[in-house]
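S.K.: Would you be able to build a 3D model of this:
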Amino acid sequence: MLVHATELAPVRRAAAAQPLVCWLEDCRKDAVPLVGGKCASLGELINAGVRVPPGFALTTAGFRRFMAESGVGEAVRALLAGADAGDLEALEATSARIRDLIEAQPFSEELEDEVAECYRKLSVRCGLPAVPVAVRSSATAEDLVDASFAGQQDTYLWIRGIDAVLDRMRRCISSLYTARAIAYRANKGFDDAALAISVGVQKMANSYAAGVMFTLHPVNGDRSVIVVDSNFGFGESVVSGEVTPDHFVVNKVTLDIIERVVSQKLVCYTVDPKTQTSGAFEVPYERQKVQSLIDDEITELAWMGKRIEKHYGRPMDIEWAVDKDLPAGGNIFILQARPETVWSARSSQATDTRPAASAMDYILSAMLAGRKVG
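M.R.: Presented below is the predicted three-dimensional model:
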């Protein structure tokens, strides 16, 4: 699809003031317009001293350059103009046309060269040829305090080689226009024309175990505890709800494990060493009822969760992984951190029934009531 040069001039001038690709450590939490919520949060964590796998991002300037130079942007706007968010069948057909259109377009040589150079430097930095990476969408309306768009766009795990990275980047961009995402934005009143997406490329943790952590109790809003859910392999099985994960509740002050449920875990996501691709595999029977984390790892995770909550000043929803290729003491990584939105959105009156308003309140109220703490 051809686009007249005069139509590209404003896009190129705007992009000239912003990088097309940038390293995660160069981002802060106020970089959402440039790299989206997910990548901005990762950059903020890195600069706060939290252990995060290194990586880089195709910025929203790079996204807009791609959409303009390929001519896809105008075609997408025309297709969305006639879309009815209430007609799911028609919306699916529109989404399929948009996604096919985007994924068929090559990046410009300039964009390809910049991404390839960052991927080469990341591989050198990690000491691995064609380093395995996670390619993750990061929309500008994602992981925000007032709206959770988590899961609306795609993530691809254990991707190796620049051609595969570029292909998954286009798929991440096209996932901005899934039927579900289009309908969700329409219902929330977000303008598609003003929306942009960044794509993060992050060194893949070769996870022995992974999962999610909340710095409050997601069931009752209790802020005196940290809750950790885990399974073997990558965290996909926990995030997607495919397994009943191991469940640990940790006292936020003492870091004692006060509740422990070890589940039978039938499936985990990991890498196939022969094909070098990720997928779902059956957990061997003898490991299905084995605790996926040792207690020291649970304690370290809770400590990291406290640091992240303190830095952001609010309860957080965190994804993490334990890398089996690195020694203990430096092998737990934070993969994502977003504000917790369910209990945080409720008024203090609505949460008065929870055990305590803070960790110290919990300790004091327990002592006054004569209960054993931890």
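S.K.: can you pull the contacts of residue 319?
M.R.: Contacts for residue 319 (C-beta atoms under 8 Å, 6 or more residues apart in numbering) come out as 210, 211, 212, 213, 235, 239, 334, 335, 336, 337. No exception for glycine: its C-beta is placed from N, CA and C like everyone else's.
S.K.: show me where the protein has helices.
M.R.: Applying DSSP state H to the chain gives helices spanning 5-16, 32-47, 60-70, 72-81, 88-103, 109-126, 162-174, 179-188, 236-239, 295-312, 359-368.
S.K.: What residues sit buried inside the fourth one?
M.R.: Of the residues in helix 72-81, those buried by neighbour count under the rule 16 or more other C-beta atoms under 10 Å are 72, 73, 75, 76, 79, 80.
S.K.: need those residues in JSON lines with distance to residue 36 and pLDDT, can you?
M.R.: Shown next, in JSON lines, are the buried residues of helix 72-81 (distance: C-beta to C-beta, whole Å; pLDDT from 0 to 100):
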{"residue": "72", "distance to residue 36": "19", "pLDDT": "93"}
{"residue": "73", "distance to residue 36": "18", "pLDDT": "91"}
{"residue": "75", "distance to residue 36": "23", "pLDDT": "92"}
{"residue": "76", "distance to residue 36": "18", "pLDDT": "92"}
{"residue": "79", "distance to residue 36": "23", "pLDDT": "91"}
{"residue": "80", "distance to residue 36": "20", "pLDDT": "89"}
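S.K.: Just name the closest of these to residue 134, please.
M.R.: For these, the closest approach to residue 134 (C-beta to C-beta) belongs to residue 72, at 24.7 Å.
S.K.: wait, doesn't residue 333 sit right on residue 55?
M.R.: No - Residue 333 is beyond contact range of residue 55, at 11.4 Å (criterion: C-beta atoms under 8 Å).
S.K.: Those two - which one has more neighbours?
M.R.: Each of residue 333 and residue 55 has its neighbours counted (other C-beta atoms under 10 Å); residue 55 has more, 27 against 21.
S.K.: who's in contact with that one?
M.R.: Applying C-beta under 8 Å, 6+ apart to residue 55 gives the contacts 23, 24, 42, 122, 133, 200, 201, 202, 203.
S.K.: ends of stretch 64-76, how far apart?
M.R.: 12 Å (C-alpha to C-alpha, to the nearest Å).
S.K.: so where is the stretch 201-350 of the chain shaky, pLDDT-wise?
M.R.: 347-350 (pLDDT under 70).
S.K.: quick one, what contacts residue 243?
M.R.: Residue 243 touches 231, 237, 263, 265, 266, 267, 268, counting by C-beta under 8 Å, 6+ apart.
S.K.: what number of residues lie near the third one?
M.R.: The local packing count at residue 263 equals 17, with neighbours defined by other C-beta under 10 Å.
S.K.: OK, contacts around the residue nearest to it when sequence neighbours are not counted?
M.R.: Using C-beta to C-beta, 6 or more residues apart in numbering and skipping residues adjacent in sequence, the residue nearest residue 263 is residue 244, 4.3 Å away. Contact analysis of residue 244 by C-beta under 8 Å, 6+ apart lists 263, 264, 265.
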